[in-house]
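Peer 1: Attaching a predicted model along with its sequence, questions to come.
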Amino acid sequence: MDNHGYLYLCFTCHGRFTNIFWIDASSESAIDLRLQQIGKANKIPESVSAESTLQWIFERHDWLMVYDHADSYQIVEKFLPQGNRGNILITSRNRGLNRITSHQNALEVRLMGEDDAVSLLLQSAGLSSSVGQMKPLARKLVLELGYIPLAIDQAGAYSNPQNRANVWLC
């Protein structure tokens with residue numbers, strides 16, 4: 001999920017959850033590190049570890065944990081809090097993660113159609129969809145990106161001049 005996706009999720013979920021925890025789930029060490037950071041930030045009284053942080057989270061209600069970029073269900077499964085006091089969202093390209101959730105709770109993000117993909121790219125780039133000379137180039141780019149919504153949104157956001165910081169060389 002890109003930063004726009006995180007901001008959107010936070011905005012739409014504000015008030016619904018007592019806590020939202022973002023965890024880079026691309027590796028076991030990344031999950032362990034992030035859980036330790038969450039534990040330290042929340043001043044868990046026990047010695048801070050992934051296990052003590054998960055126990056602390058389990059004792060709360062109405063939380064959301066986002067395991068982002070999960071590659072392996074074997075890794076994520078080790079770090080799931082017990083019980084049903086909160087919610088877990090896992091983002092992954094690996095369909096094998098269906099093994100740790102019920103089928104009705106899995107949602108596959110499908111590829112976009114060309115017109116929708118071009119519109120998303122232009123919108124993310126801060127360009128009007130009426131810019132005729134940009135559409136042929138945009139069509140080539142979304143084709144190259146495989147019509148994947150996240151890739152298209154990130155490419156557009158990267159090319160948006162409003163998203164760039166001013167850099168001064170002295």
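Peer 2: Right, received. Where do you want to start? Numbering: from 1, shown residues only.
Peer 1: C-alpha from now on. contacts and neighbour counts both.
Peer 2: OK.
Peer 1: what ranges of this protein fall below the confidence cut-off?
Peer 2: Low-confidence segments of the chain (pLDDT under 70): 1-14, 129-131, 161-170.
Peer 1: same thing but at 90, please
Peer 2: 1-20, 22, 44-48, 61-66, 68-69, 71-73, 80-112, 120-135, 137, 145-170 (pLDDT under 90).
Peer 1: how much distance is there from the longest helix along it to the middle of the chain?
Peer 2: Secondary structure of the chain per DSSP state H: the longest helix is helix 28-41. How far helix 28-41 lies from its chain's middle: 17 Å, per Cα atoms, centre = their mean, to the nearest Å.
Peer 1: Give me the helices and strands touching it, please.
Peer 2: Helix 28-41 sits against strand 19-24, helix 50-58, with contacts defined as 3 or more Cα pairs under 8 Å, 6 or more residues apart in numbering; DSSP states H and E.
Peer 1: Please name every helix or strand in contact with the first one.
Peer 2: Helices and strands touching strand 19-24, as assessed by 3+ Cα pairs under 8 Å, 6+ apart, comprise helix 28-41, strand 63-68.
Peer 1: distance between stretch 19-37 and the chain's centre?
Peer 2: Here the centre of stretch 19-37 is set off from its chain's centre by 12 Å, with Cα atoms, centre = their mean.
Peer 1: in which helix or strand would I find residue 88?
Peer 2: When elements are assigned from DSSP states H and E, residue 88 belongs to strand 87-90.
Peer 1: contacting residues for the residue nearest to residue 110 when sequence neighbours are not counted?
Peer 2: In space, and not counting its chain neighbours, residue 110 is closest to residue 148: 7.5 Å by Cα to Cα, 6 or more residues apart in numbering. By Cα atoms under 8 Å, 6 or more residues apart in numbering, residue 148 lies in contact with 110, 111, 112, 142.
Peer 1: returning to that earlier point: can you add mean neighbour count and distance to residue 94 and give the helices and strands packed on helix 28-41 back as a markdown table?
Peer 2: Formatted as a markdown table, those follow (neighbours: other Cα atoms under 10 Å; distance: least, Cα to Cα, whole Å):
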| stretch | mean neighbour count | distance to residue 94 |
| --- | --- | --- |
| strand 19-24 | 18 | 15 |
| helix 50-58 | 19 | 24 |
